[in-house]
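Participant: I would like the atomic coordinates for the input below:
(chains A and B)
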There are 2 protein chains.
Amino acid sequence: MRFSKCYVKTLKETPKEAEVISHKLMLRSGMIKKLASGVYTYLPLGLKALKKVENIIREEMDRAGAQEILMPVLQPAELWQESGRWDVMGAEMMRLTDRHDRSFVLGPTHEEVVTDIIRNDISSYKALPLNLYQIQNKFRDERRPRFGLMRGREFLMKDGYSFHTTTESLDDEFENMKGAYSKVFERCGLNFRPVEADSGAIGGSGSQEFHVLAESGEDEIIYCTSCDYAANVETATSTINHLPKAELLEVVLKDTPNVAKIEDVVEYLNVPVEQTVKAMMYKDMATDEPYMVLIRGDFEVNEVKLKNIIDTVDVEMLTDEELEKYGLIKGFIGPYGMDLKDIKIIADPSITEISNHTAGGNKKDTHYMNMNYGRDYKADIVADVRTVKVGETCPKCGGKLDSARGIECGHIFKLGNKYTKSLGATYLDENGKTQVMTMGCYGIGVSRTLAATIEQNFDDNGIIWPSAIAPYTVDVIQANMKDEEQGKLAEEIYKELLNNGVDTMFDDRDERIGFKFKDGDLIGFPFKVVCGKKAAEGIVELKIRRTNETIELSKEEVVKTIKDLMKQY
Amino acid sequence: MRFSKCYVKTLKETPKEAEVISHKLMLRSGMIKKLASGVYTYLPLGLKALKKVENIIREEMDRAGAQEILMPVLQPAELWQESGRWDVMGAEMMRLTDRHDRSFVLGPTHEEVVTDIIRNDISSYKALPLNLYQIQNKFRDERRPRFGLMRGREFLMKDGYSFHTTTESLDDEFENMKGAYSKVFERCGLNFRPVEADSGAIGGSGSQEFHVLAESGEDEIIYCTSCDYAANVETATSTINHLPKAELLEVVLKDTPNVAKIEDVVEYLNVPVEQTVKAMMYKDMATDEPYMVLIRGDFEVNEVKLKNIIDTVDVEMLTDEELEKYGLIKGFIGPYGMDLKDIKIIADPSITEISNHTAGGNKKDTHYMNMNYGRDYKADIVADVRTVKVGETCPKCGGKLDSARGIECGHIFKLGNKYTKSLGATYLDENGKTQVMTMGCYGIGVSRTLAATIEQNFDDNGIIWPSAIAPYTVDVIQANMKDEEQGKLAEEIYKELLNNGVDTMFDDRDERIGFKFKDGDLIGFPFKVVCGKKAAEGIVELKIRRTNETIELSKEEVVKTIKDLMKQY
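Facilitator: Numbering: from 1, shown residues only, chains lettered A, B, ... in the order given. Sure thing, here's the model as predicted:
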């Protein structure tokens, strides 16, 4: 493509609407244009990059044995009523009625539609397993659309759905998809992590997120510095380093005047923090039921884990007034020595193995020492409810855990029979008995992956595309537009690159070289080939965007050198 | 692809909902599946064919210098209000409101959106001309969606828009697109005609339709058997073969008792039909204004042409009662001898050159003879208002005209400044003066082209795909699944074809050969390669779907022979 013919309008100033770097840079480099809040047009450069991501996904899905279909945007309300999601989805789902007053949904996802197809088409175990996917526009009426392509109202997704006769078959396909997803993000040239994820809300028995690592990411990921363990902070766990077991001593009530905070207790009573237990009071926001959560003094409660344990939509800590109703005083709450029969106790495994620990005395200015789980009190539920911290021990290999910020670009789920049951997707098994299918679902945000790529790959001057998804790999620049030798050479190299299948832009605009460099950096071509002063000798400069290196090359070396460098950048 | 792994479920019976052949065959061959009225899912085979059409279009658009973008489905109502189409589009446009009660449209077309982009991005003549296109879902709430993909509510279109400083530049791009469109339909392997079209309703100064010829087509096309002239019957014209001029005679009123029909007049008065004039009375349905249309006795009035001449939405013939109000009697109406000042006269050019013609006497049972246009009466408008018939003379080359039925799959328009003016898409010209851009628009129904292909290419057994857009080009069939030699050879040929870039299906199902043939014919693979009795000798049968020919080949000849045949079928 010749720059002079290409529809691309770069901006010097960042439009005010843009908050995050990918949004800013895509607007400034003329890749997207806003039509309405959360609704964007892809201009030629943006669409070229989007299509490259799309094609990588398509190739990897096909290779993994999934088959591409295309389901409609318009979905009849009846299907959503049948699955029970018509009422659940709320204002995020865009709805409309047709001229005959029939209700439709603009597909935010396609579980209902694909299950409807399968229940009509598949009747025998012989046709299973099956994995169907599509690359299609999705619609979600976000309350606050923002961050450009990161959180839009109309966006491109790859969504896939698999159907099985057994959970083992689903497990196999889940692993297959996990591999394919990793391949996709690798091929896109991204630094990413597959992480274990909370599958609470959507149900099902397992789920895995794929995060593109970037400082601007909305999610915190805990990962092991030694092995491949990685999990969303909402599900991450660690091995607890307990103090050695000791002989059990008698419980002693100690006066601890004004000593409420755990660090003060540790100091005042001179006990290691690993020998203390915090009692935190929460309530289930759906039922108002109170819960006492017990956790070691040096750990924090993870409210997402707590929600999943209780199986509710939201939890909140009790206020001081609410505590009073139960006869509890902030700073001195504990599981011992009072009637707690109306309060369920949830204990983190960090406390069940501590010998002779300290906890609140349930009277102002007192703490008990030498308490022991099992002997002195018991919990209704023992479950991991703590937030893992950097430096803790990997539950898989014993290595050190670290954390990073990530952007969730892919998510795969074992759905089980949630939709196949409500929509009646059954098959006849080998004995002619009717069985409900088991289902998995697999999503990648195509447009979001594009934005995440930029969040991970940029500098002050603009985007730094990985070669695999750059709109154009090479920017051929003629330094001086009046120099015929340079023009001839630029033209020759441009055509040579095109003939060798390298996506190339030729900046043939009648502009100064500095101006062209600026645009080239902003747009983020991985490589520039500058035909300048040594053009007459057939020598050009190759600039690598990511490293800022400049290499002098003879014209004959350009194609091979770039093809080699493309593997690296 | 192995048939045993492919998600395709063929049906023996035609679903009752299907009226036209493409709809029937796409349902029966498992290419599409209905989700709601006029809303379909593309299953793997259907999507593969659709993508092939899409890619041909994309390649030809890119080659013609158009640039691909992707505009949103969701369009804010404000833009449609600004262009004036919000009220005009009526119930066909699907509308919805978001959670903040803002109105949106599901794009039925994108003139407003693209013009909005251009008015914001382009300010100088230097950036023009420009041609942007997209391949995107469109939505139209048809009153009666039918014929499967032919007239759906959600469908795939390529729509392109060009912007210019001059009408000459628009004319050039129009020709450029005309060429590109022809290339698209040629490459799809279709028998088609570019035809001149009525551009009345959408406005603008010129338009051309691209029709795929098929007996089931909804449109009638007039074309020349000698040259490339072709036009929709609503715009087609012809050269009129007039009788030789003669000396003008005196008007004579003749009694013609009960002789009202033109063929009776001809017989009764013994005049050639080429020397008679019919007067037909119409009214403008918008204003109720009456019009007398004069046309030679052997021609018929084309009401679409008449509507365009009057510039109204609809016309209807006057009833006998209405005729009476004007003192006219059916069968004896003519332009002479009565006060017609309240009635506008429109004359077809077929009557202005007839010497001494006959026409109604404006009294019951009378006709005038020897009337002459110009001497005895005049029309307010002389314009082509007749329907061209098969056998008439080509207006371009003098050849014979014939007619065919067509399916409109493409349409290109010179829009002029209809949208650029209402939306204020202006630029600064070379003198720094603000000017309104001139615009063209170019559409291809991608999904409709797929359906039209089937309407043109089928037989009693199923679809006959042109190679260029067949989901798979070759169907490799192992005749006897128990025969190891056959299996080995089929596998070898399957892989050989794939390695040579030929889209191939291997029917490896454990079914009888007759069953496989039936499915193969229904799905419409252009070629079958049967590994049967002579497999051990390395000999296979190649069957050509279109001609039903069978050729015996050695395995070494398969790839080359198929590659050669693909150019032809």
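Participant: show the pLDDT at residue A:248.
Facilitator: What the model reports as pLDDT for residue A:248 is 94.
Participant: just say helix, strand or coil for residue A:435.
Facilitator: Look at residue A:435: counting by DSSP: H, G, I helix; E, B strand; the rest coil, its state is strand.
Participant: show me what contacts it?
Facilitator: Residue A:435 is in contact with A:125, A:165, A:426-429, counting by CB atoms under 8 Å, 6 or more residues apart in numbering or on different chains. C-beta coordinates here come from the backbone N, C-alpha and C atoms, glycine included.
Participant: how about residue A:351?
Facilitator: Residue A:351 touches A:277, A:294-296, A:357, A:373, counting by CB under 8 Å, 6+ apart.
Participant: now it: which helix or strand?
Facilitator: According to DSSP states H and E, residue A:351 maps onto no helix or strand at all.
Participant: then residue A:26?
Facilitator: Assigned by DSSP H and E, residue A:26 belongs to helix A:21-28.
Participant: give me the residues contacting that helix.
Facilitator: A:10-15, A:17-18, A:32-34, A:46, A:147-150, A:216, A:450-455, A:458, A:462-463, A:522, A:524.
Participant: list the beta-bridge partners for the residue of the stretch 1-150 of chain A found nearest chain B.
Facilitator: In the stretch 1-150 of chain A, the residue that lies nearest chain B is residue A:96 (3.8 Å; CB to the nearest CB). Beta bridges link residue A:96 to residue A:104, judged by DSSP bridges.
Participant: ok, now how distant is it from residue B:103?
Facilitator: Taking CB to CB, to the nearest Å as the measure, residue A:96 and residue B:103 are separated by 11 Å.
Participant: which stretches in chain A count as helices?
Facilitator: Using DSSP state H, the helices of chain A run over residues A:21-28, A:44-63, A:77-83, A:85-88, A:111-121, A:167-187, A:262-269, A:303-310, A:320-325, A:418-422, A:446-456, A:484-499, A:513-523, A:558-568.
Participant: could I get those as CSV with mean pLDDT and mean neighbour count?
Facilitator: Compiled in CSV, the helices of chain A are given as follows (pLDDT from 0 to 100; neighbours: other CB atoms under 10 Å in any protein chain shown):
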stretch, mean pLDDT, mean neighbour count
helix A:21-28, 96, 23
helix A:44-63, 98, 20
helix A:77-83, 96, 18
helix A:85-88, 89, 13
helix A:111-121, 97, 22
helix A:167-187, 97, 19
helix A:262-269, 94, 16
helix A:303-310, 92, 20
helix A:320-325, 91, 12
helix A:418-422, 94, 20
helix A:446-456, 97, 26
helix A:484-499, 96, 18
helix A:513-523, 97, 19
helix A:558-568, 96, 16
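Participant: can you put these in TSV and add distance to residue B:411?
Facilitator: Output for those, formatted as TSV (distance: least, CB to CB, whole Å):
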stretch	distance to residue B:411
helix A:21-28	33
helix A:44-63	24
helix A:77-83	34
helix A:85-88	39
helix A:111-121	31
helix A:167-187	39
helix A:262-269	75
helix A:303-310	55
helix A:320-325	69
helix A:418-422	41
helix A:446-456	31
helix A:484-499	33
helix A:513-523	35
helix A:558-568	42
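Participant: for the ones you listed, which one sits closest to residue B:499?
Facilitator: For the helices of chain A, the distance to residue B:499 is smallest for helix A:44-63, at 16.0 Å, taking CB to CB.
Participant: the closest one vs helix A:21-28, what angle?
Facilitator: Here the directions of helix A:44-63 and helix A:21-28 differ by 130 degrees (axes from the mean of the first three to the mean of the last three CA atoms, to 10 degrees).
Participant: list the helices and strands helix A:44-63 packs on?
Facilitator: Under the contact definition 3 or more CB pairs under 8 Å, 6 or more residues apart in numbering or on different chains; DSSP states H and E, helix A:44-63 sits against strand A:67-68, strand A:130-139, strand A:154-164, helix A:167-187, helix A:446-456, strand B:67-68.
Participant: ok, which of the ones you listed comes nearest residue A:343?
Facilitator: Closest approach to residue A:343 among the helices and strands packed on helix A:44-63 (CB to CB): helix A:167-187, 36.8 Å.
Participant: give me the contact list for the closest one.
Facilitator: Applying CB under 8 Å, 6+ apart, the external contacts of helix A:167-187 come out as A:56-57, A:60-61, A:63-66, A:128-129, A:131, A:160, A:162, A:164, A:192, A:194, A:205-206, A:208, A:210, A:212, A:409-410, A:412, A:414, A:416, A:438-440, A:442, A:444, A:449, A:468.
Participant: what angle do that helix and strand A:130-139 make?
Facilitator: With the same axes, to 10 degrees defining the directions, helix A:167-187 sits at 50 degrees from strand A:130-139.
Participant: and helix A:167-187, C-alpha only, in PDB?
Facilitator: Coordinates of each C-alpha in helix A:167-187 appear next as PDB, following Å, rounded to 0.1, in the frame of the first residue of the first chain:
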ATOM      1  CA  THR A 167     -17.200 -35.300  31.500                       C
ATOM      2  CA  GLU A 168     -13.900 -37.000  30.500                       C
ATOM      3  CA  SER A 169     -14.600 -36.000  26.900                       C
ATOM      4  CA  LEU A 170     -15.200 -32.400  28.000                       C
ATOM      5  CA  ASP A 171     -12.000 -32.500  30.000                       C
ATOM      6  CA  ASP A 172     -10.100 -33.600  27.000                       C
ATOM      7  CA  GLU A 173     -11.600 -30.900  24.800                       C
ATOM      8  CA  PHE A 174     -10.900 -28.300  27.500                       C
ATOM      9  CA  GLU A 175      -7.200 -29.300  27.500                       C
ATOM     10  CA  ASN A 176      -7.300 -29.200  23.700                       C
ATOM     11  CA  MET A 177      -8.700 -25.700  23.700                       C
ATOM     12  CA  LYS A 178      -6.300 -24.600  26.400                       C
ATOM     13  CA  GLY A 179      -3.500 -25.600  24.100                       C
ATOM     14  CA  ALA A 180      -5.100 -23.900  21.100                       C
ATOM     15  CA  TYR A 181      -5.600 -20.700  23.000                       C
ATOM     16  CA  SER A 182      -2.000 -20.600  24.200                       C
ATOM     17  CA  LYS A 183      -1.000 -21.100  20.600                       C
ATOM     18  CA  VAL A 184      -3.100 -18.100  19.500                       C
ATOM     19  CA  PHE A 185      -1.600 -15.700  22.000                       C
ATOM     20  CA  GLU A 186       1.900 -17.000  21.300                       C
ATOM     21  CA  ARG A 187       1.400 -16.500  17.600                       C
END
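Participant: gap between that helix and the chain center?
Facilitator: In terms of CA atoms, centre = their mean, to the nearest Å, the centre of helix A:167-187 is found 16 Å from the chain centre.
Participant: how far away is the closest residue to chain B within the stretch 351-500 of chain A from residue A:132?
Facilitator: Residue nearest to chain B within the stretch 351-500 of chain A: residue A:447 (10.0 Å; CB to the nearest CB). Distance of residue A:447 to residue A:132, given as CB to CB: 21 Å.
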